[in-house]
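just a sequence and a predicted model for now, questions to come.
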Amino acid sequence: MFRDRAFLSIQLTRQINNSHFDELKIGEECLEYSTRVLEALPSLPVTQATSATGVGICTSGDTHARSHGHDIAITGTSNNLPVITSYNIPLAQVPAKRRNIYFVSAFCSLGGLLFGADTGSIGSITSMPQFVEVYPILRNEAVLGALVATILMSASLSSFASGWLSDKYSRKRTIMLGAYIFGIGAALEAGSVNLEMLIIGRLIVGVGEGFFLSAIGVYLVEISPPDVRGRISCMLQLFVTIGIALGYFICYGTLNIRSTLSWRIPFIFQAVVSAILGT
């Protein structure tokens, strides 16, 4: 019985050694293939490192490339340990649709344009004689201040739920949801016939604003490559500033209209832009 056990132990040892030999052979083949691949890139210096933890080939810029997301790796195994070959390809050689990134970022930043347009237009709208004729109660500064602040109150509350919605249903859907809600509120503002309807419209606008503004900033950072991330993330603030200026100029252009369209058109503009953002 002891003799059988010894024989079985010898057989198992041979099988293990053979399997290790086969894995080592596979690792050597991967190493040769990786070397041939790297030889096709003469401008990239190749360094080889061998240690007790495995065999690897990498360029001198591998760490930098990995940190910026531009490295390409070929992996294999040797003695159950990874064999990694990576080389950094210059950014100019990597095909990237940068125009698409800028377009998507600008499109998402329409949310900032909406925020800026409302901020820039509400003061001008409440100063228009055509608006005050419909809502004479807004001559009271306390009522006027409450009307203007309603959008901020609802936006601050909805922004708390924006993060949860973004994680559960994605950033894109949260932005679309906020845009739809904003559009409904802007449409109510544009068609308002009494103060209650106007206040409800501004409350709804604030809910949508809180949703998409919180999600847009995160989404822009996540979709942008590291080398343009600063420019992309600043695009939201750029559109906010453009929206503020645009809101003033729209109200300036409609000031001489002798009807309620003078103050309804800025709200209509916001409803149209929010519908575009929600598509």
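Received, thanks.

distance of Gly247 from Ile125?
Distance, Gly247 to Ile125, by Cβ to Cβ, to the nearest Å: 9 Å. Glycine gets a C-beta too; all of them are placed from N, C-alpha and C.

do Cys108 as well
Look at Cys108 and Ile125: by Cβ to Cβ, they are 26 Å apart.

more neighbours, Gly247 and Ile125?
When Gly247 and Ile125 are compared for neighbours, Gly247 comes out ahead with 26 against 23, by other Cβ atoms under 10 Å.

surely the more buried one is in contact with Trp263?
No: between Gly247 and Trp263 there is no contact under Cβ atoms under 8 Å: 12.0 Å.

give me the nearest residue to Met197, chain neighbours excluded.
Excluding the flanking residues, the one nearest Met197 by Cβ to Cβ, 6 or more residues apart in numbering is Leu188, at 6.0 Å.

show me the contacts for the one you found.
Met197, Leu198, Ile200, Gly201, Ile204 (Cβ atoms under 8 Å, 6 or more residues apart in numbering).

mind running it again at 7 Å?
Met197, Ile200, Gly201, Ile204 (Cβ atoms under 7 Å, 6 or more residues apart in numbering).

phi, psi of it?
Main-chain torsions, Leu188, degrees, to the nearest 10: phi -60, psi -40.

do you know how far it is from Ile122?
15 Å.

cool, Arg264 as well?
13 Å.

residues touching Gly112, list them.
The contact partners of Gly112, taken as Cβ under 7 Å, 6+ apart, are Ile216, Leu236, Gln237, Phe239, Val240, Gly243.

now name the helix or strand holding it.
Assigned by DSSP states H and E, Gly112 belongs to helix 110-127.

who touches whatever helix or strand comes next after that helix?
Toward the C-terminal end, the helix or strand that comes next after helix 110-127 (DSSP H and E) is helix 129-134. The contact list for helix 129-134 (Cβ under 7 Å, 6+ apart) reads Ile125, Leu138, Arg139, Ser259, Thr260, Ser262, Trp263.

could I get the average pLDDT for helix 129-134?
In this model, helix 129-134 has an average pLDDT of 94.

tell me the buried residues in it?
Along helix 129-134, these residues count as buried under the neighbour rule (16 or more other Cβ atoms under 10 Å): Gln130, Phe131, Val132, Val134.
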